[in-house]
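S.K.: just coords:
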Ligand SMILES: Nc1ncnc2c1ncn2[C@@H]1O[C@H](COP(=O)(O)OP(=O)(O)OP(=O)(O)O)[C@@H](O)[C@H]1O
């Protein structure tokens, strides 16, 4: 069955227009092709049937300016200004990856490299159509939730990530409980937000609770609320996170940390769809979509008796396993490029780039801390950059050292690597800010206290 979307394709190459029309009209209700970019605005603003377009497939390079992609960016901005809720997918050559990333930062929903496989094109467009709006420039979406304005898109072109994105699409429109599994830093929290944004509940709150950071005694009142006077510090009534998330989505992060007595209470709340605040006997009805996340093996925890099997079966209606970055190394160039531009903008550093040799090394590295580690490595390199080429030498030497080390356990390797990088980065930050701890802490994303603790740890 055709999907009820209206798609506009803009390219100055007639062959592309014909090929895309023939293929896409089998899948979408209406396809309009446009050869002349100067007509883009009027086509969007005055569609012949009065119905707005849902998606624009836009070439990045027109013949007058075949290399820079600037024309593509210009038309992208123009289209989004005219119609902020339009989904735009850019067409580009693979070599133009940095440009594609720039386009996404300017509000494009996705990009596809030419020449494409038809199935891949279809998936990219479908994914874009399902995607929540995520960029500042898209004013129409800005009001949806506070977090959408500077949200990080879920990047990944690898088959493993495409599979994850397809599952997100399928599950978002349902009320199914979702269990997110995967190593730390693989994007579980990001996926939870993407599911919320693409769901019917996106106008209601997305509430996240880090179960690992709360003591057992606090956890119950945090989740279910409390009545004034229920315990010494309960100075007022508190609704709790379940009630706060009512109508929306509740993410229970680091779920494996939940002790058995609290697991029983959580199960009761999920079964009854009610919570009983601490110090009250009155059950309060709640309407939430539950997403749980953990980097522990819950199945093993069940075997060991530290996690309830009945609770696991209640929360794992749909399971999504996030692949480790080392299992999808083909995504590393895209992630490096995106974070380079992201942090260049944040720290107002123009013209920075990563050398080809560094790109190769960074792509071959295993990234035990996954995308979070990669993002931090780029951020640090941007903050500390002296010339235009980012300096990853600290990473390179630690990669080599880590390889040469006799430590064979991955944990030992990770610890060694992270401490090495941390110490070196702190040294560089202090040097750069001439010993000013406040400025160095700010640049490193640490509080002054956290930086002082590390200075002590490394004897700096
Ligand atoms: N696919 C992705 N695209 C872009 N950025 C990503 C992606 N996955 C992760 N990140 C980045 O890595 C950071 C960590 O991601 P996130 O917090 O979602 O991981 P997590 O799996 O929930 O980690 P933890 O288990 O430690 O809580 C994010 O802030 C984001 O910057």
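M.R.: Alright, I've got the coordinates. In this text the structure is predicted, and so the values were computed from the model without any measurement.

S.K.: could you use CA atoms for every contact and neighbour count after this?
M.R.: Noted.

S.K.: what does this structure have sitting close to the ligand?
M.R.: 152-156, 183-190, 295, 371-372 (CA under 6 Å from any ligand atom).

S.K.: now those residues: which count as buried?
M.R.: 152-153, 155-156, 183-189, 295, 371 (16 or more other CA atoms under 10 Å).

S.K.: was I right about residue 245 contacting residue 206?
M.R.: Yes: between residue 245 and residue 206 there is a contact under CA atoms under 8 Å: 6.3 Å.

S.K.: ok, the closest residue to residue 201 other than its chain neighbours - contacts?
M.R.: Leaving aside its sequence neighbours, residue 201 sits nearest to residue 248 (CA to CA, 6 or more residues apart in numbering; 5.0 Å). Counting by CA atoms under 8 Å, 6 or more residues apart in numbering, residue 248 makes contact with 196, 201-207, 287-289.

S.K.: host element of residue 26?
M.R.: Using DSSP states H and E, residue 26 maps to neither a helix nor a strand.

S.K.: so what's the residue count around residue 204?
M.R.: Neighbour count of residue 204, defined by other CA atoms under 10 Å: 18.

S.K.: now do the helices in the stretch 1-150 of the chain.
M.R.: In the stretch 1-150 of the chain, the segments counted as helices under DSSP state H, counting those that start in this stretch are 14-24, 40-45, 70-82, 97-105, 118-130, 139-142.

S.K.: past the worst-scoring helix or strand of the chain on mean pLDDT, which element shows up next along the chain?
M.R.: Sorting the helices and strands of the chain by mean pLDDT, DSSP states H and E puts helix 139-142 at the bottom, at a mean of 27. Downstream of helix 139-142, the next assigned helix or strand under DSSP H and E is helix 159-172.

S.K.: got the angle for that following helix vs helix 118-130?
M.R.: Helix 159-172 and helix 118-130 are oriented at 40 degrees to each other (axes from the mean of the first three to the mean of the last three CA atoms, to 10 degrees).

S.K.: three-state assignment of residue 290?
M.R.: Secondary structure, DSSP: H, G, I helix; E, B strand; the rest coil: residue 290 is strand.

S.K.: same deal with residue 427?
M.R.: What three-state DSSP gives for residue 427 is helix.

S.K.: what comes up buried for the strand or helix carrying residue 360?
M.R.: In the assignment (DSSP H and E), residue 360 maps to helix 356-364. By neighbour count on 16+ other CA under 10 Å, the buried set for helix 356-364 is 358, 362-363.

S.K.: kindly report the same for stretch 300-316.
M.R.: Residues 306-308, 311-312, 315-316 are the ones in stretch 300-316 that count as buried (16+ other CA under 10 Å).

S.K.: list of residues touching that stretch?
M.R.: Contact partners of stretch 300-316, identified using CA under 8 Å, 6+ apart, comprise 177-179, 256, 259-260, 263-264, 267, 290-292, 298.

S.K.: what does stretch 221-235 give?
M.R.: If you take CA under 8 Å, 6+ apart as the criterion, stretch 221-235 is touched by 236-243, 275-280.

S.K.: thinking again about what came up before, distance from the helix holding residue 360 to the middle of the chain?
M.R.: Mean-position distance between helix 356-364 and its chain equals 23 Å (CA atoms, centre = their mean, to the nearest Å).

S.K.: so which elements touch it?
M.R.: Applying 3 or more CA pairs under 8 Å, 6 or more residues apart in numbering; DSSP states H and E, we find helix 356-364 packed against helix 332-346.

S.K.: now the helix it packs on: mean pLDDT?
M.R.: On average, the pLDDT along helix 332-346 is 91.

S.K.: next, the buried residues of it.
M.R.: Buried residues in helix 332-346, counted by 16+ other CA under 10 Å: 332, 334-344.

S.K.: just to revisit the earlier point, for the contacts of residue 248, could you give me CSV that also reports secondary structure?
M.R.: As requested, the contacts of residue 248 are exported to CSV (three-state DSSP):
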residue, secondary structure
196, helix
201, coil
202, coil
203, coil
204, coil
205, coil
206, strand
207, strand
287, coil
288, coil
289, strand
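
S.K.: select only the buried ones of those in ChimeraX?
M.R.: In ChimeraX, a selection of the buried entries from those looks like this (16+ other CA under 10 Å):
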select :196,201,202,204,205,206,207,287,288,289
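
S.K.: can I get the contacts of residue 248 in a markdown table with pLDDT?
M.R.: Formatted as a markdown table, these follow (pLDDT from 0 to 100):
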| residue | pLDDT |
| --- | --- |
| 196 | 92 |
| 201 | 92 |
| 202 | 89 |
| 203 | 89 |
| 204 | 92 |
| 205 | 93 |
| 206 | 94 |
| 207 | 94 |
| 287 | 95 |
| 288 | 96 |
| 289 | 96 |
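
S.K.: and the contacts of residue 248, which is closest to residue 436?
M.R.: Residue 436 lies nearest to residue 207 out of those, by CA to CA, at 36.6 Å.

S.K.: for that closest one, which non-adjacent residue is closest in space?
M.R.: When the adjacent residues along the chain are set aside, residue 207 lies closest to residue 250, with 5.0 Å between them (CA to CA, 6+ apart).

S.K.: am I right that the one you found is in a helix?
M.R.: No: with three-state DSSP as the criterion, residue 250 is located in strand rather than a helix.

S.K.: in contact with residue 178, which residues?
M.R.: Contact analysis of residue 178 by CA under 8 Å, 6+ apart lists 290-292, 315-320.

S.K.: beta partners of it?
M.R.: With DSSP bridges as the criterion, residue 178 is bridged to residue 291, residue 318.

S.K.: that one and residue 297: what is the separation?
M.R.: Counting by CA to CA, to the nearest Å, the separation of residue 178 from residue 297 is 15 Å.

S.K.: what's the answer for residue 162, then?
M.R.: Where residue 297 is concerned, residue 162 sits at a distance of 23 Å (CA to CA).

S.K.: neighbour count: these two, which is higher?
M.R.: Higher neighbour count among residue 162 and residue 297: residue 162, with 17 against 12, using other CA under 10 Å.

S.K.: close enough to count as contact, that one and residue 168?
M.R.: No: with contact defined as CA under 8 Å, residue 162 does not reach residue 168; the gap is 9.8 Å.

S.K.: now the stretch 351-460 of the chain against the ligand: closest residue?
M.R.: Of the residues in the stretch 351-460 of the chain, the one nearest the ligand is residue 372, at a distance of 3.6 Å by CA to the nearest ligand atom.

S.K.: picking that back up, Throw the buried ones among the residues of the chain next to the ligand into CSV and include pLDDT, thanks.
M.R.: Converted to CSV, these look like this (pLDDT from 0 to 100):
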residue, pLDDT
152, 82
153, 85
155, 91
156, 89
183, 94
184, 91
185, 93
186, 96
187, 95
188, 96
189, 94
295, 92
371, 95
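
S.K.: between those, which is closest to residue 392?
M.R.: Taking CA to CA as the measure, residue 392 lies nearest residue 371 of these, at 16.1 Å.

S.K.: go ahead and confirm the closest one touches residue 183.
M.R.: No: look at residue 371 against residue 183 with CA under 8 Å: they stay out of range, at 10.3 Å.
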